[in-house]
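In: Sequence and predicted model, in that order:
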6 protein chains.
Amino acid sequence: MAERYPFPDLNTLPEDIQGRILAVQEKAGFIPNVFLAFARRPAEWRAFFDYHDALMEPESCGRASNLTKGEREMIVTATSSANHCLYCVVAHGAILRIYEKKPFVADQVAVNHAKADITPRQRAMLDFAMKVCLRSHEIEDADFAALHAHGFDDEDLWDIAAITAFFGLSNRMASFAGMQPNPEFYLMGRLPREKKPTTWTLSNQ
Amino acid sequence: MAERYPFPDLNTLPEDIQGRILAVQEKAGFIPNVFLAFARRPAEWRAFFDYHDALMEPESCGRASNLTKGEREMIVTATSSANHCLYCVVAHGAILRIYEKKPFVADQVAVNHAKADITPRQRAMLDFAMKVCLRSHEIEDADFAALHAHGFDDEDLWDIAAITAFFGLSNRMASFAGMQPNPEFYLMGRLPREKKPTTWTLSNQ
Amino acid sequence: MAERYPFPDLNTLPEDIQGRILAVQEKAGFIPNVFLAFARRPAEWRAFFDYHDALMEPESCGRASNLTKGEREMIVTATSSANHCLYCVVAHGAILRIYEKKPFVADQVAVNHAKADITPRQRAMLDFAMKVCLRSHEIEDADFAALHAHGFDDEDLWDIAAITAFFGLSNRMASFAGMQPNPEFYLMGRLPREKKPTTWTLSNQ
Amino acid sequence: MAERYPFPDLNTLPEDIQGRILAVQEKAGFIPNVFLAFARRPAEWRAFFDYHDALMEPESCGRASNLTKGEREMIVTATSSANHCLYCVVAHGAILRIYEKKPFVADQVAVNHAKADITPRQRAMLDFAMKVCLRSHEIEDADFAALHAHGFDDEDLWDIAAITAFFGLSNRMASFAGMQPNPEFYLMGRLPREKKPTTWTLSNQ
Amino acid sequence: MAERYPFPDLNTLPEDIQGRILAVQEKAGFIPNVFLAFARRPAEWRAFFDYHDALMEPESCGRASNLTKGEREMIVTATSSANHCLYCVVAHGAILRIYEKKPFVADQVAVNHAKADITPRQRAMLDFAMKVCLRSHEIEDADFAALHAHGFDDEDLWDIAAITAFFGLSNRMASFAGMQPNPEFYLMGRLPREKKPTTWTLSNQ
Amino acid sequence: MAERYPFPDLNTLPEDIQGRILAVQEKAGFIPNVFLAFARRPAEWRAFFDYHDALMEPESCGRASNLTKGEREMIVTATSSANHCLYCVVAHGAILRIYEKKPFVADQVAVNHAKADITPRQRAMLDFAMKVCLRSHEIEDADFAALHAHGFDDEDLWDIAAITAFFGLSNRMASFAGMQPNPEFYLMGRLPREKKPTTWTLSNQ
């Protein structure tokens, strides 16, 4: 269905958007499709990527987070799989592999996070993220207590919830618009000596 | 659970955020809680309300939309109810009543949109929104065709999907953070001669 | 779909039914639609309202109950919302507001009873009612123990279960027959100084 | 859990209830447990059995029905199985076998009505009953049209819906109270030459 | 739909299959339909019944099991009901009645195993089987611990899981192919003095 | 949980099993874990792999099939993902990539087969497989007609159903036993010039 919403020509985009896209392209070596798919509506594009950066690159807005980059991508991969979003599972699974330096972790988290090779703390984090994803209205004090027991504080829980909620938005739009992952993502982080990890940085989606 | 994430003092907020909040307060007569609840993280606040305005007040970013203001709020009310989000059902149900000038429509849409006093076109719009909300991965060409038959074009469908997806984010955050609706919302638009409709405007949430 | 089952003319109804309906009208100021919708089948009408009164007005058959009038309506509102029954959520939500003298409680209980401004005892009562409503075959001793811990005894549990089960019947019939709430219900109990509370009594539905 | 709600002594019951129970016992040869389980609350007992008779024995209140006795029991068996109600599946499955003179039909309808040896008209009837049972809020004009195509009229649909709704009440109470089927029901109607069919009549539950 | 896949003529089947079927017929007095329904594909037939025998008649391959014959059939009946498989509920419910010498247990386990007249150990066994049937990906250490507390060891859990998994295969094929239970199964084990128990043996399905 | 059921020493296994495992190892270059995980129970092992070969390598038992090798693996990958089985999604996703010579298809089919780069015929095949996997009791004539329209005959439907049903067994056992995919599977078929395709043959799992 992607042809309903064709990608705009990069050259026709507002300068600020062009600039941010070119910066991503320089670092990643290609333009992840989400950057072009959403660019047809510049105001939504800016809000989407501002939100993304505020949550996924907290340093970019002067905030520290106890979640590692890999843990943030783990949340995205697990909840995007629950939402059956092809783009996000493949794209963020790739980034997860790179950050965690674990070539198998994305497939494990996507199919069944309970069988993944992750720490008990990360397992608890994903259990909570799945509840935000699927049954947010049932979140209760006991859920907070369970994560506090693993060393997470209330700011960390906000991070987990917000990342889950934000990518729930992204998942629905990607499925709706028929967004396909770039071919590059499928293999990223799977080979023993990945060439790209140093160049793939926080500002990439 | 709201006490986990207390509202910041308005005076301590960045000037731009203060300004936007005061503008809302002037028009609405009170500050809807979401404006304060999210203000503890200014970067997320700005992205959230930029996104909100881009979708709910397209004129504010120079875009026209075939959806009426009331139809947009109808989508929010129906899908927020599917997500069991108390804040959004009550707050946006209030705005829906005002825009539609129908004191019963919000309760109808929240409990069972199939029994609501709305047009067949609006019914089709809400059926689609519910699918984006609950089963976005199953959206297919037939869903587009069904809405085209009611006069919606692909830009309208993007609007419906994006509003649903954005408030899915909002719903999850409000439930997670225990956000309560302001008392004012419960009664707004229910009385025969509502005093406020002219002052409640698009920039209010 | 309501036109499939038009309301009978009040004057054509059996005398006993006419009498009970007129008594309700006198107290409430209007005839709640359920009284007319079911009157097309007098035998079912009598059984329905006898059952209703036995559960919702136990004093009328010489039985005391530890549940307050408000708590009984709370059960109806929460479970009717789970069944997406427009008539019952709006009508019984109205009565709930009046009995509890809380203008917000019905909307809270309908959207997400876990976020409602009710006591822990009432929360436990509604958790149990929701289980009877949605998964009655899984009720087990632990459910009884949980409510005993809040001071409910086995007669109270019978009340909670029976009210839930009875309105499950009512919900299905109202949705099937397309029954619409009377306009009066939408606003009842929402205004600070409700004029009607003294006249709205136990024998009204 | 049945011991929570022990059966009252028949001799202590109000005379009208005693009378009706003895009449059932004389015809059936035993007292079905539901008659004793509900007798602890006479007002609810009377309403329950009045409702039951109005729907399951319409002749008793001067109403004709196009549904056969067997079809009514078929609805009860199918929907009680969907609600996992042991008492109703076993007791009404027994009566179904007798009325239909088909020793296998109850097990078929309980496990999967789509594989049962019934007519296409009965299959459509049960499809509709299952929708009333499980998703009553989604009933729409198309459901009526589907049954009209099989010769059912709107009164028949009311019967199907009301029987389903009434036994949904019964199912929830039986599961809640731990009601067990009488041993006699398990075998009734399974043997080639059942002795009882002529004595098991409409007023038995 | 059974006519899509007609039963082959017994005489046309490979000798080994003929032999095994005739042996079953001699013991049971009839040929259970599954033996003929699957015989159209001999390689699948052999694998299916080899698997069946390895799990349901462990002695036949030199393995002991702590599960009784009745307990194995209890697992089949409960999980086949969850899968709505008419053939397996009726056929294995029959064998369950015979092995347990309890004429009611199959109906109880099929409708709601939580209300069945079985031991707490058997209840725990069926709870676990239902989890394997419906949510196998959520099985965790706590499930093992719960069964260990009832005296089951890890080999017993393998048996429970494998029987559940194997009949999940059988259920899907029987529903797909429209396989009907033989009339004989419906009544087996229901009469006080069943004639067949000594002749119905482990090698019957 | 895998340590509950440690792999037996290959040298201690029955000769026929050793032989089949060594043959697989020679072709694949490693022993897929399922061959060792199930070997602790030789009779079940033999039945499992006989069944597997009868369905996945029909030529091995003298049967032709209209499904290609790739299509069979596509069914396994899609339904194993619906069952959240890590072992089968990763192992059979690998074989799927090799047979189809499409490095992306396994991830697509696992996340959302409706967005996969497959033919309409394959899409219909997977829709049917998902129904067998999740709602086999609802399969009806219309499902057969839908696949006939794509050129499948009733033998092909048996293949689709049986493969789905068999791997439903495999999925439950793998999740129960905590079976992990061999590391080799994760990367197989993802690189442009895969070295192994000619040596990976039908008898490998």
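Out: Now that the structure is in, tell me what you want to look at. Numbering: from 1, shown residues only, chains lettered A, B, ... in the order given.

In: only C-alpha atoms for contact and neighbour calcs from this point on.
Out: Will do.

In: tell me the centre residue of chain A?
Out: Compute the mean C-alpha point of chain A, and by CA atoms, centre = their mean the closest residue is A:Val76, 4.4 Å away.

In: What about contact with chain F: does the host helix or strand of that residue have any residue there?
Out: Per DSSP states H and E: A:Val76 is located in helix A:69-82. Yes. Applying CA under 8 Å from any CA of the partner chain, one finds helix A:69-82 touching chain F at A:Ser81.

In: quick one: buried residues of the longest helix along chain A?
Out: If each helix of chain A is counted by residues according to DSSP state H, the longest one is helix A:154-177. Using 16 or more other CA atoms under 10 Å in any protein chain shown as the test for burial, helix A:154-177 gives A:156-177.

In: Helix B:154-177 and that one, what's the angle between them?
Out: Orientation note: helix A:154-177 sits at an angle of 160 degrees relative to helix B:154-177 (axes from the mean of the first three to the mean of the last three CA atoms, to 10 degrees).

In: just checking, what packs against helix A:154-177?
Out: Packed against helix A:154-177 by the contact rule (3 or more CA pairs under 8 Å, 6 or more residues apart in numbering or on different chains; DSSP states H and E) you find helix A:42-56, helix A:69-82, helix A:86-100, helix A:120-135, helix A:141-148, helix B:120-135, helix B:154-177.

In: So A:Cys133 sits against A:Thr79, correct?
Out: Yes. Using CA atoms under 8 Å, A:Cys133 makes contact with A:Thr79 at a distance of 6.4 Å.

In: which of the two has more neighbours?
Out: Remark: of A:Cys133 and A:Thr79, A:Thr79 carries more neighbours, 30 against 25, as counted by other CA atoms under 10 Å in any protein chain shown.

In: who are the neighbours in contact with the more buried one?
Out: Counting by CA atoms under 8 Å, 6 or more residues apart in numbering or on different chains, A:Thr79 touches A:Ala129, A:Met130, A:Cys133, A:Thr164, A:Phe167, A:Gly168.

In: For chain A, give the residue positioned nearest to chain D.
Out: For chain A, the residue closest to chain D is A:Arg135, as judged by CA to the nearest CA, at 20.0 Å.

In: That residue: neighbour count?
Out: With other CA under 10 Å as criterion, A:Arg135 counts 15.

In: The one 4 residues further on too?
Out: The criterion is other CA under 10 Å. On that basis, A:Ile139 has 19 neighbouring residues.

In: distance of it from A:Lys115?
Out: 23 Å (CA to CA, to the nearest Å).

In: Please apply the same query to A:Cys133.
Out: Separation of A:Cys133 from A:Lys115 (CA to CA): 19 Å.

In: shaky segments in chain A?
Out: Regions of chain A meeting the criterion pLDDT under 70 cover residues A:1-2, A:193-205.

In: So which residues on it come close to chain B?
Out: Checking chain A against chain B by CA under 8 Å from any CA, the hits are A:1, A:4, A:43-44, A:47-48, A:50-51, A:54-55, A:61, A:83-85, A:132-133, A:135-137, A:139-141, A:154, A:161-162, A:165-166, A:168-170, A:172-173, A:175-176.

In: ok, 6 Å please
Out: Proximity of chain A to chain B, by CA under 6 Å from any CA of the partner chain, involves residues A:43-44, A:47, A:50-51, A:54, A:84, A:136-137, A:165-166, A:169, A:172, A:175.

In: which two in the residues you listed are spaced the farthest apart?
Out: Farthest pair in those (CA to CA) is A:Ala43 and A:His137. Separation: 30.0 Å.

In: what about these two, which has more around it?
Out: More neighbours surround A:His137 than the other of A:Ala43 and A:His137, with 25 against 20 (other CA under 10 Å).

In: tell me the secondary structure for that one?
Out: Of the three states, A:His137 takes helix according to DSSP: H, G, I helix; E, B strand; the rest coil.

In: residues contacting it?
Out: B:His84, B:Ser175 (CA atoms under 6 Å, 6 or more residues apart in numbering or on different chains).

In: For stretch A:9-22, measure first residue to last.
Out: One end of stretch A:9-22 sits 13 Å from the other (CA to CA).

In: what's it in contact with?
Out: Residues from elsewhere that reach stretch A:9-22 (CA under 6 Å, 6+ apart): none.

In: ok, 8 Å please
Out: Contact partners of stretch A:9-22, identified using CA under 8 Å, 6+ apart, comprise A:Ile31, A:Phe35, A:Leu36, A:Ala39, A:Pro42, A:Arg46.

In: Check stretch A:83-96 too.
Out: A:70-71, A:73-74, A:76-78, A:80-81, A:105-107, A:110, A:168, A:170-172, A:174-175, A:179-182, A:185-189, A:205, B:135-137, F:107-108, F:111-112, F:115.
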